[in-house]
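[1] quick one, what's the 3D model for this:
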Amino acid sequence: MKHWITLLITGLICWVSNGKVLANLSVSFPSDTLYLCQGEPFMLNATINGGVGPYTFLWNTGDTTQSLAILTAGGESVYILSVTDILGTTVTDSILVMGMPECVWPGDANGDGVADNTDVLILGLTYGAQGMVRPDAHTNFIGQGAPAWTQAFASGLNYVHSDTDGDGVVDANDFFAIGKNYFNPVQSPGGSPVVTEGIPIYVVFPQGNFEPGDIVTGAIMLGTEAQPADSVYGIAFSLAYDGAIVDSGSVIVSYDSSWLGNLHVDLEAIDKDFYLDGQVDVGITRTNHLAVAGYGRIADITIMIDDITGKKEGLEDIGIQIERISLVDKAGVSIPVSNVSSHSVISLANDRQIDKSSIFKVFPNPVHTLMYVETDLPFWEKSTLRMRDIQGKVWHQSEINSATKFKLDISTLPAGMYLVELEHAAGREVQKVILR
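    Below is the predicted model of the structure:
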């Protein structure tokens, strides 16, 4: 009798056993069509719901496993999976796999396997190019199948790799994926040899005495009056700095005064500070396919002198070295460049006494979105909180109650270094915070 009842309800919408309602057997894939990199291995996984296990599986390839390992071929391939439960119910589903000729890793525009500042140069060379939209595009660092564009470099590198967001056009938005997926090379200071022949690149800091906590802005210079640069389109390099002189995490690179062009008009740039390793990577490129000639400042670098007590006084090499330089023309051809003048000497004083027992603290630091301020002032005392950038512009000002923790959303502010100032009855204190 029990066997007869089981057979009777096999075709019903649900099956009742031990007081539980079991849904109909079903099999499904995440999507109807999957776009994969041609020649890349992939595992097709199906989701099984309902029915009564154990199940048996049969693919149109003859395989009998739930997951199917495939090596993606070019063009279209259809994979069909049939699933049968212990009651004899069978269901099927299929998926269309498209083997695409190009494999895009968002941020790796030059095809060297990583996303870094040298990819900026390729984006500059391909800027404005258009092609087919990448199916199911995203900017995670995963190989994504893409149709080839009609444009390619002589090396065979297809322009589709520059379209990091997959929207079918190379534009300013494609620089985002480089920063998102940036590879940390963990280079060692002095990792590049000094080159003596070529267009000079060097850093110049202002003369004067600098004390712990001082903010100093220098100029990154390319070319001289006697040796100007010609036919320049883009440049990528690393700045290695000495953590004994430069406060870790305080380095900011800006491009407002660059003779290479105007930022977001005919120029794009990115920089990435690996402050635990004392290295900042910089990539700058023109975007209008017109090279420029000249000499002088191509960027500014702002640092804070480290406030480690006991720092020696006198003339000190600020410790910034320019390494791993790539200077190219509008065809992507390398231009010889010299980093022989990479050192800047400043005069360090140590007269200022740094008071480590501040009456307020700012955290986290570096900060991404929410900044918190706590004070040790009496609960009845009101104080004024200001947040300025290093140029002195006030981005926030408010009256706070010293008895509470103050929360500030700074997610809309530009990334960089800010000075947080607390003005109270007994005086004024300033702390720095890095917004990333």
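[2] need the contact list for residue 123.
    109, 162, 164, 170, 174-175, 178, 268, 285 (Cβ atoms under 8 Å, 6 or more residues apart in numbering). Glycine gets a C-beta too; all of them are placed from N, C-alpha and C.
[3] right, and the pair among these with maximum separation?
    Within the contacts of residue 123, 164 and 285 form the most distant pair, 14.2 Å apart (Cβ to Cβ).
[4] ok, back up a step: could you dump the contacts of residue 123 to TSV with neighbour count and secondary structure?
    Below are the contacts of residue 123 laid out as TSV (neighbours: other Cβ atoms under 10 Å; DSSP: H, G, I helix; E, B strand; the rest coil):
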residue	neighbour count	secondary structure
109	31	coil
162	25	helix
164	28	coil
170	29	coil
174	24	helix
175	23	helix
178	26	helix
268	23	strand
285	27	strand
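[5] so which of those comes closest to residue 62?
    For the contacts of residue 123, the nearest to residue 62 is residue 164 (39.4 Å; Cβ to Cβ).
[6] just give the nearest non-adjacent residue to the closest one, would you?
    residue 177 (3.6 Å; Cβ to Cβ, 6 or more residues apart in numbering).
[7] do the same with residue 425
    residue 381 (6.0 Å).
[8] pretty sure that neighbour sits against residue 422.
    No - the criterion here is Cβ atoms under 8 Å, and residue 381 misses it with residue 422 at 11.0 Å.
[9] my read: residue 42 touches residue 67, true?
    No - Residue 42 is beyond contact range of residue 67, at 10.4 Å (criterion: Cβ under 8 Å).
[10] who has more neighbours out of those two?
    Shown here are residue 42 and residue 67; by other Cβ atoms under 10 Å, residue 42 has more neighbours (17 against 12).
[11] please name the bridge partners of that one.
    When bridges are called by DSSP bridges, residue 42 pairs up with residue 70.
[12] list the contacts for it?
    36, 69-72, 97.
[13] quick one, strands of the stretch 201-350 of the chain?
    209-210, 215-222, 229-232, 234-240, 252-254, 267-274, 279-286, 292-294, 296-304, 314-317, 321-328, 337-338, 345-348 (DSSP state E, counting those that start in this stretch).
[14] show me where pLDDT drops low in the stretch 201-350 of the chain?
    307-317, 319, 341-350 (pLDDT under 70).
[15] let's go with 80 and repeat that
    Across the stretch 201-350 of the chain, the ranges flagged by pLDDT under 80 are 207-215, 243-245, 247-250, 275-276, 306-319, 340-350.
[16] how about the helices in the stretch 101-250 of the chain?
    Using DSSP state H, counting those that start in this stretch, the helices of the stretch 101-250 of the chain run over 118-126, 176-180.
[17] redo those as CSV? Include mean pLDDT and distance to residue 430.
    Formatted as CSV, the helices of the stretch 101-250 of the chain follow (pLDDT from 0 to 100; distance: least, Cβ to Cβ, whole Å):
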stretch, mean pLDDT, distance to residue 430
helix 118-126, 98, 35
helix 176-180, 94, 29
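[18] of all those helices, which one is nearest residue 135?
    So among the helices of the stretch 101-250 of the chain, helix 176-180 is nearest, using Cβ to Cβ, at 16.8 Å.
[19] quick one: list the elements packing against that closest one.
    If you count contacts as 3 or more Cβ pairs under 8 Å, 6 or more residues apart in numbering; DSSP states H and E, helix 176-180 packs onto helix 118-126, strand 267-274.
[20] what's the neighbour count on residue 87?
    Around residue 87 there are 16 residues (other Cβ under 10 Å).
[21] thought it was touching residue 52?
    Yes - between residue 87 and residue 52 there is a contact under Cβ under 8 Å: 5.4 Å.
[22] any low-confidence regions in the stretch 1-150 of the chain?
    Looking at the stretch 1-150 of the chain by pLDDT under 80, you get 1-23.
[23] how close does the nearest residue to residue 294 once chain neighbours are set aside sit to residue 411?
    For residue 294, the nearest residue in space outside its immediate sequence neighbours is residue 259; the separation is 4.5 Å by Cβ to Cβ, 6+ apart. Distance, residue 259 to residue 411, using Cβ to Cβ, to the nearest Å: 33 Å.
[24] before we move on, what about residue 35?
    Taken as Cβ to Cβ, the span from residue 35 to residue 411 is 33 Å.
[25] cool, residue 297 as well?
    Residue 297 is 31 Å from residue 411, by Cβ to Cβ.
[26] so between those two, which is more surrounded?
    Neighbour tally, residue 297 and residue 411, criterion other Cβ under 10 Å: the higher count belongs to residue 297, 18 against 11.
[27] thinking again about what came up before, ok, how many other residues are close to the residue nearest to residue 164?
    26.
[28] is it true that residue 171 touches residue 130?
    No - counting by Cβ under 8 Å, residue 130 is not a contact partner of residue 171; they are 9.6 Å apart.
[29] mind listing what's buried in stretch 110-124?
    110-111, 114-124 (16 or more other Cβ atoms under 10 Å).
[30] should've said stretch 155-167
    157-166.
[31] just flag the most distant two among these.
    157 and 165, at 18.2 Å, using Cβ to Cβ across those.
[32] among the helices and strands packed on helix 176-180, which comes closest to residue 251?
    Nearest of the helices and strands packed on helix 176-180 (Cβ to Cβ): strand 267-274, 5.3 Å.
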